[in-house]
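> Structure for the following, please:
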Amino acid sequence: MATVRTFSLILACLSFIAVIGGAVYEHAAMVPVWTKAIPASLTMFQGEYAIAPAVFWRAIHPVTMLLFVAALALNWKTARRFYIVFPIAGYALVLAITFVYFVPELLELTQTAYAPTIAAALTARGRTWEFYSLLRLAFLFVLAITLLFGLSKSAENRA
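Residues are numbered from 1 along each chain as shown. Here you go, the predicted model:
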């Protein structure tokens, strides 16, 4: 049973790291481009060949949460519990904030009609979004480190 517990936690870790990898990629390759000069810099999100990062995010979040819950259930009576509870609670909080603030603001900004000009107010909002998103990403790193520390704890049931 300890092997099943460990495997479930490994899968949760891998999925959570995929979430973080997607966020790091977006912040390294995409966010600096689209926030540079809104609305002129939004072409990647518009037109017939627009990118669709939502496809990835809509798939990865439910899978990750499901794997978190499975790992928590299987490791509930072990020394790993805190190392799973804290990240799952933090991730749930991040998802709630994401759906309340980050997604609506992102959609409003990126669906602004293209214009070859720069709107200073929109660009400032984009940079504010980026700043808060980087804070969110840093928090996800803390959660991931905590989760990974759980792998170093015993998978045996506590007496």
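
> residues touching the residue lying closest to Met44 once chain neighbours are set aside, list them.
Closest residue in space to Met44, ignoring its immediate chain neighbours: Ile51 at 5.3 Å, by CB to CB, 6 or more residues apart in numbering. Bear in mind the C-beta positions are built from the backbone N, C-alpha and C, glycine included. By CB atoms under 8 Å, 6 or more residues apart in numbering, Ile51 lies in contact with 30, 44-45.

> Now stretch 69-86: average pLDDT?
Mean pLDDT, stretch 69-86: 97.

> could the contacts of Ile51 be laid out in JSON lines, adding neighbour count, secondary structure and pLDDT?
What follows is the contacts of Ile51, written out as JSON lines (neighbours: other CB atoms under 10 Å; DSSP: H, G, I helix; E, B strand; the rest coil; pLDDT from 0 to 100):
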{"residue": "Met30", "neighbour count": "14", "secondary structure": "helix", "pLDDT": "96"}
{"residue": "Met44", "neighbour count": "14", "secondary structure": "helix", "pLDDT": "92"}
{"residue": "Phe45", "neighbour count": "19", "secondary structure": "helix", "pLDDT": "92"}
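
> For burial, what's the neighbour tally of Thr110?
Neighbour count of Thr110, defined by other CB atoms under 10 Å: 21.

> Look up how far Leu134 lies from it.
18 Å (CB to CB, to the nearest Å).

> ok, back up a step: which SS state does the residue nearest to Met44 fall under?
Of the three states, Ile51 takes coil under DSSP: H, G, I helix; E, B strand; the rest coil.
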